[in-house]
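> what follows is a protein structure lacking sequence information:
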């Protein structure tokens, strides 16, 4: 989004009221800080001058300097206390915005007036010692956010105050002309700096509001998508389960070879459809839930039991080995969800490994982290697909060695579950040499 210019215009009416409240509160808080800093500086000056020898305090303009210093010490706390009350009552007082605006303009004039006054006290020729005044101008222009009407008002009042002080010091006409020309340049700089910074802050604020709105829309769309996804998946599961039940009933009769083959196809299709639906429901549940119930689990026994179950599965033909240290390792996990992660990794390893090829489930602890590795020596993953294996509906999904199809959701769900356990999952693989999926979990404190 390009930087818009707001030199002689305000922000869109759609955001104006909210933005004015935002920057007005920022102005009030900034004035509080400025009052503390300005008071401390004047107090330090008062302490230093009180320690000076008497012959130095009788120099030209010292009485005026001392009076201005005392005035700052008295007025600054008043500004601080007034600002404090305005901040406290900003949301409850009806006319708080108008009062705050008047207060901010008065404080800006106060700072500009102090810079101008101290500059005139230091020398009767303002053009030769303009540093203090410049600091005040830049501070007001750069720190406080004002609309262009208020900036023009400050510029005009600033010009008027400077001109009156020129008359007060009784400068000759030539000096007055030169100083007025200098003042025009300074007021132009003040207006330009103030409006340029206003433009920058306004553009940033608008970008923030747009991003905030887009995030809200995305969250609503995501919630709606998950709601529809869960509803559709749930409603589809019942009729598919009914079809599967009918196929099982048909199988109870004596069937010829063709009918038996058709019934088996129906059962296989129902199983695949239910698998996809269960994956969709799991995705919806994980997206809608920010909390996972964890409990302290003996991870060594937990993984050993999973491996034993897999070793007893009739159509599981791979050599499955569990490797763990002698000492027990504990972790805070949700057993049901984490069981699904390990099942999915072992299932994937078997899907892409030849019969009898070994698969290892390894558990270890080092550097205050728990490592769970599932290793196979199968077909591996091409390097081009590695960055996408954990994507939802991943294009890295491939048929297994026995023709098994992939929904592209299993590893995405596994990643969701691991991250809900404050963990991390990644993969290393080389085509033709196998893959290693590694889960890292925090050690129980």
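Received it, and whenever you're ready, just let me know what you need. This one's a predicted model, so the numbers in the text were calculated from it and none came from an experiment.

> so which residues of the chain form helices?
If DSSP state H is used as the criterion, the helices of the chain fall at 13-50, 62-88, 96-122, 131-143, 148-168, 173-251, 257-288, 299-311, 335-351, 410-420.

> count the neighbours of residue 96 for me.
Residues lying near residue 96 (other C-beta atoms under 10 Å) number 19. Where you see a C-beta, it was placed from the backbone N, CA and C, and this is true even at glycine.

> can I get the helices of the chain in a markdown table with mean pLDDT and distance to residue 443?
Formatted as a markdown table, the helices of the chain follow (pLDDT from 0 to 100; distance: least, C-beta to C-beta, whole Å):
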| stretch | mean pLDDT | distance to residue 443 |
| --- | --- | --- |
| helix 13-50 | 90 | 43 |
| helix 62-88 | 89 | 46 |
| helix 96-122 | 85 | 53 |
| helix 131-143 | 82 | 48 |
| helix 148-168 | 84 | 58 |
| helix 173-251 | 82 | 33 |
| helix 257-288 | 75 | 24 |
| helix 299-311 | 92 | 11 |
| helix 335-351 | 89 | 16 |
| helix 410-420 | 87 | 15 |
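
> for residue 385, which of these is the nearest?
The closest of the helices of the chain to residue 385 is helix 410-420. By C-beta to C-beta, the value is 11.3 Å.

> what's the angle from that closest one to helix 257-288?
Counting by axes from the mean of the first three to the mean of the last three C-alpha atoms, to 10 degrees, helix 410-420 lies at 30 degrees to helix 257-288.

> residue 380 is nearest to which of the helices of the chain?
Closest among these, once you apply C-beta to C-beta, is helix 335-351, at 11.2 Å.

> what's the angle between that closest one and helix 257-288?
Relative orientation of helix 335-351 versus helix 257-288 (the same axes, to 10 degrees): 130 degrees.

> quick one: list the elements packing against helix 335-351.
helix 299-311, strand 358-366, strand 369-376, helix 410-420, strand 434-442 (3 or more C-beta pairs under 8 Å, 6 or more residues apart in numbering; DSSP states H and E).

> count the neighbours of the closest residue in space to residue 19 that isn't next to it in sequence for me.
In space, not counting the residues next to it along the chain, residue 19 is nearest to residue 11; the distance is 5.3 Å by C-beta to C-beta, 6 or more residues apart in numbering. Residues lying near residue 11 (other C-beta under 10 Å) number 22.

> what's the answer for residue 248, then?
Residues within reach of residue 248, counting by other C-beta under 10 Å, total 13.

> touching, it and residue 264? I think so.
No: at 11.1 Å, residue 248 does not count as touching residue 264 under the criterion of C-beta atoms under 8 Å.

> hmm, back to that, any chance of the helices and strands packed on helix 335-351 in CSV with mean neighbour count and distance to residue 174 as columns?
As requested, the helices and strands packed on helix 335-351 are arranged in CSV below (neighbours: other C-beta atoms under 10 Å; distance: least, C-beta to C-beta, whole Å):
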stretch, mean neighbour count, distance to residue 174
helix 299-311, 16, 90
strand 358-366, 17, 83
strand 369-376, 20, 79
helix 410-420, 21, 76
strand 434-442, 20, 78
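
> before we move on, the earlier item: got the contact list for the residue nearest to residue 19?
The contact partners of residue 11, taken as C-beta atoms under 8 Å, 6 or more residues apart in numbering, are 19, 202, 205, 206.

> rewinding a little: quick one: closest of the helices and strands packed on helix 335-351 to residue 336.
Nearest of those (C-beta to C-beta): helix 410-420, 9.8 Å.

> that closest one versus strand 434-442: what angle between them?
20 degrees.

> tell me the one among the contacts of residue 11 nearest to residue 93.
Relative to residue 93, the closest of these is residue 19; by C-beta to C-beta it sits at 19.7 Å.

> tally of neighbours for the closest one?
Here the count is done by other C-beta under 10 Å, and residue 19 has 19 residues near it.

> out of the helices and strands packed on helix 335-351, nearest to residue 281?
Nearest of the helices and strands packed on helix 335-351 (C-beta to C-beta): helix 410-420, 10.3 Å.

> list the helices and strands the closest one packs on?
Secondary-structure packing of helix 410-420 (3+ C-beta pairs under 8 Å, 6+ apart): helix 257-288, helix 335-351, strand 424-430.

> how about those in TSV, adding mean neighbour count and distance to residue 40?
Converted to TSV, these look like this (neighbours: other C-beta under 10 Å; distance: least, C-beta to C-beta, whole Å):
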stretch	mean neighbour count	distance to residue 40
helix 257-288	15	53
helix 335-351	20	58
strand 424-430	16	49
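
> just send the ones you listed back as a markdown table, with distance to residue 45 too.
Shown next, in a markdown table, are these (distance: least, C-beta to C-beta, whole Å):
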| stretch | distance to residue 45 |
| --- | --- |
| helix 257-288 | 62 |
| helix 335-351 | 67 |
| strand 424-430 | 58 |
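
> leaving out chain neighbours, which residue sits closest to residue 108?
Going by C-beta to C-beta, 6+ apart, residue 108 has residue 140 as its nearest residue, at 4.8 Å.

> and the one you found, how far from residue 261?
87 Å (C-beta to C-beta, to the nearest Å).

> count of residues packed around the closest residue to residue 154 other than its chain neighbours?
Once flanking residues are discounted, residue 154 sits nearest to residue 108: 5.7 Å by C-beta to C-beta, 6+ apart. A count of neighbours around residue 108, defined by other C-beta under 10 Å, yields 26.

> same question for residue 331.
Neighbourhood size, residue 331 [other C-beta under 10 Å]: 23.

> could you measure from it over to residue 303?
Distance, residue 331 to residue 303, using C-beta to C-beta: 10 Å.

> residue 253 now?
Separation of residue 253 from residue 303 (C-beta to C-beta): 44 Å.

> swap in residue 390?
Distance from residue 390 to residue 303, by C-beta to C-beta: 21 Å.

> ok, now residue 274?
Remark: distance between residue 274 and residue 303 (C-beta to C-beta) = 27 Å.

> do the same with residue 281
Residue 281 is 26 Å from residue 303, by C-beta to C-beta.

> that older thread, out of the helices and strands packed on helix 335-351, which comes closest to residue 76?
strand 434-442 (51.7 Å).
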